[in-house]
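**Q** Sequence plus predicted model, see below.
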Amino acid sequence: MLRFKIFNPILKLYSKYTSNRWRGIRFLCYHDVVAVDDLSTSRQDKFIVTVQEFCSHLEYLQKHKYSVVSMQIALELLESNKAKNGQYICITFDDGKLNSFEYAWPVLREFKYSAHFFITSTFVCKYMVESKDERYIDDNQIVQLIREGASIGSHSKRHLNLTLLDNNAIFNELVKSQEKLEELCGHPIETFAYPFGMYSNRVIKALSKTNYRYAFKLDTGSIISFAREDRYTIPRNVIKNERINHMVNYLTMSGGYDFTKYFFRLD
């Protein structure tokens, strides 16, 4: 906590400088969006935000006139080298948690924003009675998301650290998830998000042998074009629990943490 008190004033000033200067696509990575009444011991999870906080994030994006775009448009801007002409935000969710469908998606629709959901295919319809935070969307909800303007990507079959698996197991995690999601969605699944953000040269090599065209790591900053970034290591900025530091996500969205990727990580 002390380091936040020391760095926050500096980062706040820096973010005011960067907020209207960064260019390209800034991908945001959400995990859990929950109602205040549903808070449990998992409240301490560093990736949980409340619906109210999520609404505030969208209002912040709107206030700063950032263009919130779908995954399809974001990738088209990068492919055409046009992302450098603006400040674009693409909102993504990991895992396929039910709370992202129940709480986040209705809010996004009110703002007329799209989002991209990276689904762990084995988790579809999974329900863990002991925790409201461990319920996952089902087949029909995935279809509804697509019908209402969202898009779907893969987050592997079982959400394992792919770097610890052998080559056959890696390939299985990639392909089986892709096949199941394509069957559900009725169209190709071309995007992949590494579980835990973990990847290696072996994992990238396995990806290159599949039909995935793009893969996402966890990192700070925006991306201007694929001339500077590999299609299999696209950075996504993680949205974190604001009980730890209430400024963290606003600094992330405005570019206040971008310099840390070159020096150190602020967790």
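**A** Looks like it came in fine. Numbering: from 1, shown residues only.
**Q** C-alpha only now, for contacts and for neighbours.
**A** OK.
**Q** Sketch out the low-pLDDT regions of the stretch 1-150 of the chain for me.
**A** Scanning the stretch 1-150 of the chain with the threshold set as pLDDT under 70 gives 1-17, 37-44, 127-133.
**Q** Grab the CA positions of stretch 179-190 and hand them over as CSV.
**A** Only the C-alpha atoms of stretch 179-190 are listed here, as CSV (Å, rounded to 0.1, in the frame of the first residue of the first chain):
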residue,chain,number,x,y,z
GLU,A,179,-13.9,-26.6,-32.2
LYS,A,180,-16.5,-26.5,-29.4
LEU,A,181,-16.9,-22.7,-29.6
GLU,A,182,-17.2,-22.8,-33.3
GLU,A,183,-19.9,-25.3,-33.1
LEU,A,184,-21.8,-23.1,-30.6
CYS,A,185,-21.2,-19.8,-32.4
GLY,A,186,-21.6,-21.1,-36.0
HIS,A,187,-18.6,-19.2,-37.3
PRO,A,188,-14.7,-19.3,-37.1
ILE,A,189,-13.1,-18.5,-33.7
GLU,A,190,-9.9,-16.7,-34.6
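**Q** quick one: contacts of that stretch?
**A** The contact list for stretch 179-190 (Cα atoms under 8 Å, 6 or more residues apart in numbering) reads 121, 139, 142-143, 146, 152-154, 178, 211-214.
**Q** likewise stretch 199-209?
**A** Contact with stretch 199-209 is made by 162, 163, 167, 170, 171, 174, 217, 232, as judged by Cα under 8 Å, 6+ apart.
**Q** What about the contacts of stretch 179-190, which are in strands?
**A** Per DSSP state E, strands hold the following members of these: 152, 153, 154, 214.
**Q** what's the residue nearest to the second one when sequence neighbours are not counted in contact with, if anything?
**A** Nearest-residue entry for residue 153: residue 118, 4.4 Å, with adjacent residues in sequence omitted and distances by Cα to Cα, 6 or more residues apart in numbering. Contact partners of residue 118, counting by Cα under 8 Å, 6+ apart, are 92, 93, 94, 95, 96, 152, 153, 154, 155, 192, 193.
**Q** Show me what the top strand by length along the chain is packed against.
**A** Longest strand of the chain, by residue count under DSSP E: strand 87-95. Contacts defined by 3 or more Cα pairs under 8 Å, 6 or more residues apart in numbering; DSSP states H and E place strand 87-95 against strand 24-30, strand 67-68, helix 71-79, strand 116-119.
**Q** JSON lines please, covering these and showing distance to residue 255.
**A** As requested, those are exported to JSON lines (distance: least, Cα to Cα, whole Å):
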{"stretch": "strand 24-30", "distance to residue 255": "9"}
{"stretch": "strand 67-68", "distance to residue 255": "15"}
{"stretch": "helix 71-79", "distance to residue 255": "18"}
{"stretch": "strand 116-119", "distance to residue 255": "21"}
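**Q** between the ones you listed, which one is nearest to residue 55?
**A** With distances scored as Cα to Cα, the stretch of these nearest to residue 55 is strand 24-30 (13.0 Å).
**Q** now what about that closest one, what contacts it?
**A** Residues from elsewhere that reach strand 24-30 (Cα under 8 Å, 6+ apart): 47, 74, 78, 83-94, 221-225, 235-240, 253.
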